[in-house]
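**Student:** no sequence on hand, only this structure:
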């Protein structure tokens with residue numbers, strides 16, 4: 001009864017007691033295998049079985065594994081048949097990196113020369129290359145796994161001996177894309193010299209999170225730990241639950257142990273891990289798809305995914321129940337962390353990476369990174385069936401789509417957002433935006449038959465998308481059982497998108513781009529189109545402003561005449577305005593009409609991936625990304641505090657001096673002076689003075705605004721100023737305004753009598 005409630009005790013094998021392993025009962029195999037895992041081989045028949053008992057089953061022996069530390073699928077060659085290259089870590093059978101191959105998607109922070117991610121390991125004779133990404137400059141130059149890099153020669157430089165990885169990275173930081181370098185290395189003891197032409201670094205859509213942290217901090221959080229993408233952990237093993245320490249040991253092996261690997265197929269990797277302690281084998285199969293030659297130019301061809309097949313197999317002669325958890329993709333880029341702003345489906349403050357989930361029968365729901373970090377989220381899975389779940393960055397996404405047989409197939413009992421890395425700087429609210437948001441899937445209990453019988457293994461096939469958020473591309477990734485459930489929900493413009501104004505802005509910009517092939521010029525053409533359509537209103541506004549300036553003297557007289565009678569003063573002003581068809585609120589209408597266009601363009605720049613890294617002047621580093629500030633000059637070395645460089649708050653301006661926001665605010669001030677009517681009283685004068693100060697305050701708000709948005713405002717302001725200059729001043733006399741006597745006091749007309757009495761002499765003298 002004790003064993004049925006609390007499980008069988010786990011015997012601890014004394015050192016050197018090999019004979020005890022031959023006397024393990026069938027229900028105690030796990031403990032025997034655990035002892036065997038200490039390095040002792042289990043032997044059968046070392047001790048005689050008691051009379052009348054069946055011989056114990058042969059213990060499970062884990063195979064000897066000698067896998068390379070890293071393996072790859074795909075290529076980053078833009079002319080190759082793959083959309084990305086994936087690097088896998090055999091320690092845990094997880095995804096280490098996903099590098100996109102398209103030249104449209106390059107790293108926004110590292111603009112130096114790129115040789116390739118080689119996971120260098122420091123050795124006595126040099127830096128050992130542990131992996132070479134296909135299609136990288138290192139692969140093209142002929143560098144292979146196992147080479148020892150001893151020195152590197154830069155263009156117009158001398159060979160530099162290398163002893164540490166830091167020295168290697170600092171050396172490459174002095175190069176530019178297109179530079180040719182010489183790499184000296186040792187291969188099987190023989191010296192070789194190879195030439196490599198560097199490129200610009202591709203975007204790592206998935207990468208180790210510490211690389212993201214070092215963008216905004218000088219050190220990692222204390223006790224930093226990351227759960228890589230597709231890490232698997234056992235949650236329960238039964239029918240009698242495995243003791244906690246045995247399960248912990250198995251999970252340690254799954255996370256950090258070296259998995260066996262079969263890389264015999266070009267587009268598929270198969271990892272396996274035998275866990276003798278729990279009598280289970282776990283198999284992971286990763287598969288990618290090449291792009292057909294005829295679809296090479298089709299950017300929306302569905303090839304941005306890895307199929308992840310997770311199989312759990314029973315190795316015991318008795319049935320088992322197994323449940324596991326699968327860590328979702330994480331380590332997405334935090335590019336533009338110091339200026340970017342994302343919106344979501346609630347009023348929460350969203351971060352650089354948030355989580356989106358959709359279950360069958362439900363609409364999309366998102367979880368803000370900040371709420372995930374503070375634990376203010378709830379798990380899904382109470383009777384729901386998962387359609388997809390993913391991590392949403394500004395222009396990219398990584399999501400899992402379970403390849404279920406029906407909408408009712410509930411593979412996962414829970415799917416919950418989580419942080420895949422140690423919480424960074426919990427007390428700093430701004431840093432909550434940078435957290436490594438991800439999610440975790442918990443499977444239902446898998447009923448596994450005894451080994452060798454039908455049903456002794458169960459598998460779940462998931463499609464992991466990792467690519468740009470092109471609406472047409474996301475629409476290609478749909479549920480296998482309901483085409484209405486696609487990843488299109490990752491493109492979200494906020495509540496304003498329900499009016500389809502941002503989508504219209506994107507369509508117009510794409511149309512103009514197709515003609516001029518430059519998004520900067522396309523934004524200017526969009527401005528011309530908008531202002532042309534609003535020309536009647538803007539012309540009327542300009543006339544209103546000119547009319548107000550001409551009416552100013554008459555307004556002053558009315559104010560002076562009815563200084564002590566506000567009601568009479570307002571009535572007289574209204575009569576004057578009505579007489580000359582002047583509307584004091586006419587200037588506001590133009591502002592309110594432009595407001596949706598401004599918000600729509602802002603949302604388009606924040607969401608549409610085509611505008612990411614669209615240059616104003618091709619080949620020039622300044623304003624090379626219209627979806628970001630123009631970044632004229634870097635002031636990282638001006639002894640600014642880290643929070644200032646990180647853009648944490650309104651007065652933290654970031655690591656660059658931006659020119660276009662300053663030009664925008666200056667034009668706002670000039671335009672305000674040109675268009676603002678003279679104040680009619682002291683209250684209006686005070687309000688206008690406050691508006692000037694508000695413009696200075698707006699310069700802080702605009703300092704981190706996208707260059708494309710500043711370009712729109714600059715073009716719109718210049719258009720408005722030209723309109724104001726070209727419209728003639730109204731002729732007040734023609735308009736019917738009669739000059740008022742200079743004496744502001746009201747005069748009363750006196751009647752002259754028909755006959756006046758003769759003045760007396762005294763009166764004459766007095767007069």
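**Tutor:** Yep, it's here. If you're wondering where the values come from, they're calculated on a predicted model, not measured in any experiment. Residues are numbered from 1 along each chain as shown.

**Student:** would you map out the domains in the chain?
**Tutor:** 1-49+56-61, 111-200, 232-492, 502-735 (automatic domain parsing).

**Student:** most tightly surrounded among those domains?
**Tutor:** Of these, the one with the most neighbours on average (mean count of other CB atoms under 10 Å) is domain 232-492, at a mean of 19. Every C-beta, even on glycine, is put in place using the N, C-alpha and C of the backbone.

**Student:** tell me where the stretch 101-250 of the chain has helices.
**Tutor:** For the stretch 101-250 of the chain, the helices defined by DSSP state H, counting those that start in this stretch cover 137-141, 165-172, 209-216, 244-256.

**Student:** adjacent strands (with direction) for the helix or strand just after the last one?
**Tutor:** Sequence-wise, the next helix or strand downstream of helix 244-256 (DSSP states H and E) is strand 260-265. If you go by DSSP bridges, strand 260-265 pairs up with strand 268-275 (antiparallel).

**Student:** next SSE after the strand it pairs with?
**Tutor:** Assignment by DSSP H and E places the next element after strand 268-275 at strand 280-288.

**Student:** elements contacting that following strand?
**Tutor:** When contacts are defined as 3 or more CB pairs under 8 Å, 6 or more residues apart in numbering; DSSP states H and E, strand 280-288 packs onto strand 70-74, strand 84-89, strand 232-238, strand 268-275, strand 305-314, strand 320-327.

**Student:** nearest to residue 483, out of the helices of the stretch 101-250 of the chain?
**Tutor:** Between residue 483 and the helices of the stretch 101-250 of the chain, the tightest spacing by CB to CB is seen for helix 209-216, at 34.6 Å.

**Student:** any chance of CSV for the helices and strands packed on strand 280-288, columns distance to residue 358?
**Tutor:** Shown next, in CSV, are the helices and strands packed on strand 280-288 (distance: least, CB to CB, whole Å):
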stretch, distance to residue 358
strand 70-74, 28
strand 84-89, 24
strand 232-238, 23
strand 268-275, 29
strand 305-314, 17
strand 320-327, 18
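
**Student:** how far out from the middle of the chain is the longest helix anywhere in the chain?
**Tutor:** The single longest helix within the chain, with elements called by DSSP state H, is helix 535-561. Distance of helix 535-561 from its chain centroid, counting by CA atoms, centre = their mean, to the nearest Å, is 49 Å.

**Student:** what's the helix or strand following it packed up against?
**Tutor:** Next in sequence after helix 535-561, counting helices and strands by DSSP H and E, comes helix 566-579. Packing contacts for helix 566-579, counted by 3+ CB pairs under 8 Å, 6+ apart, involve helix 535-561.

**Student:** and the helix it packs on, what does it pack against?
**Tutor:** Checking 3+ CB pairs under 8 Å, 6+ apart, helix 535-561 ends up next to helix 566-579, helix 586-607, helix 660-675, helix 707-726.

**Student:** quick check: mean pLDDT across the first one?
**Tutor:** The reference is to helix 566-579. Averaging pLDDT along helix 566-579 gives 82.

**Student:** ok and it relative to helix 535-561, angle-wise?
**Tutor:** Between helix 566-579 and helix 535-561, the angle comes out at 140 degrees (axes from the mean of the first three to the mean of the last three CA atoms, to 10 degrees).

**Student:** select, out of the domains of the chain, the one closest to residue 212.
**Tutor:** Smallest distance to residue 212 across those (CB to CB): 4.9 Å, for domain 232-492.

**Student:** rebuild the helices and strands packed on strand 280-288 as a markdown table, extending it with mean pLDDT.
**Tutor:** Output for the helices and strands packed on strand 280-288, formatted as a markdown table (pLDDT from 0 to 100):
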| stretch | mean pLDDT |
| --- | --- |
| strand 70-74 | 96 |
| strand 84-89 | 97 |
| strand 232-238 | 94 |
| strand 268-275 | 96 |
| strand 305-314 | 97 |
| strand 320-327 | 96 |
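
**Student:** out of those, nearest to residue 520?
**Tutor:** strand 84-89 (28.9 Å).

**Student:** next SSE downstream of that closest one?
**Tutor:** Assignment by DSSP H and E places the next element after strand 84-89 at strand 94-100.

**Student:** which strand runs longest in the protein?
**Tutor:** Looking across the chain with DSSP state E, the single longest strand is strand 457-468.

**Student:** quick one: average confidence on that strand?
**Tutor:** pLDDT averaged over strand 457-468 gives 97.

**Student:** pairing partners for that strand, with directions?
**Tutor:** strand 305-314 (antiparallel), strand 396-402 (antiparallel).

**Student:** with distance to residue 218 as added columns, please give the domains of the chain in CSV.
**Tutor:** Shown next, in CSV, are these (distance: least, CB to CB, whole Å):
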stretch, distance to residue 218
domain 1-49+56-61, 41
domain 111-200, 14
domain 232-492, 12
domain 502-735, 7
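
**Student:** out of those domains, which is closest to residue 226?
**Tutor:** Nearest of the domains of the chain (CB to CB): domain 232-492, 4.5 Å.

**Student:** my guess is residue 321 contacts residue 239, does it?
**Tutor:** Yes: in this structure, residue 321 is within contact of residue 239 by CB atoms under 8 Å, at 5.8 Å.

**Student:** residue contacts, the spatially most central residue of the chain?
**Tutor:** By CA atoms, centre = their mean, the chain has its centre lying nearest to residue 393, at 2.2 Å. Neighbouring residues of residue 393 by CB atoms under 8 Å, 6 or more residues apart in numbering: 332-334, 352-353.

**Student:** gap between residue 291 and residue 333?
**Tutor:** 23 Å (CB to CB, to the nearest Å).

**Student:** residue 162 against residue 153, yeah?
**Tutor:** No: counting by CB under 8 Å, residue 162 stays clear of residue 153, with 11.1 Å between them.

**Student:** is it true that residue 657 touches residue 636?
**Tutor:** No: judged on CB under 8 Å, residue 657 makes no contact with residue 636 at a distance of 10.9 Å.

**Student:** so where's the protein uncertain?
**Tutor:** 1-58, 64, 542, 583-591, 676-684, 727-767 (pLDDT under 70).

**Student:** so which residues of the stretch 1-150 of the chain form strands?
**Tutor:** 70-74, 84-89, 94-100, 113-114, 121-122, 127-128, 148-153 (DSSP state E, counting those that start in this stretch).

**Student:** list the contacts of the fourth one.
**Tutor:** So the one you mean is strand 113-114. 136-137, 172, 175-179, 181, 198-202.

**Student:** please redo it, this time with the cut-off set to 6 Å
**Tutor:** Strand 113-114 is contacted by residues 172, 175-177, 179, 198-199, 201 when judged by CB atoms under 6 Å, 6 or more residues apart in numbering.

**Student:** what does stretch 513-522 give?
**Tutor:** Under CB under 6 Å, 6+ apart, the answer for stretch 513-522 is 509, 512, 614, 616, 626.
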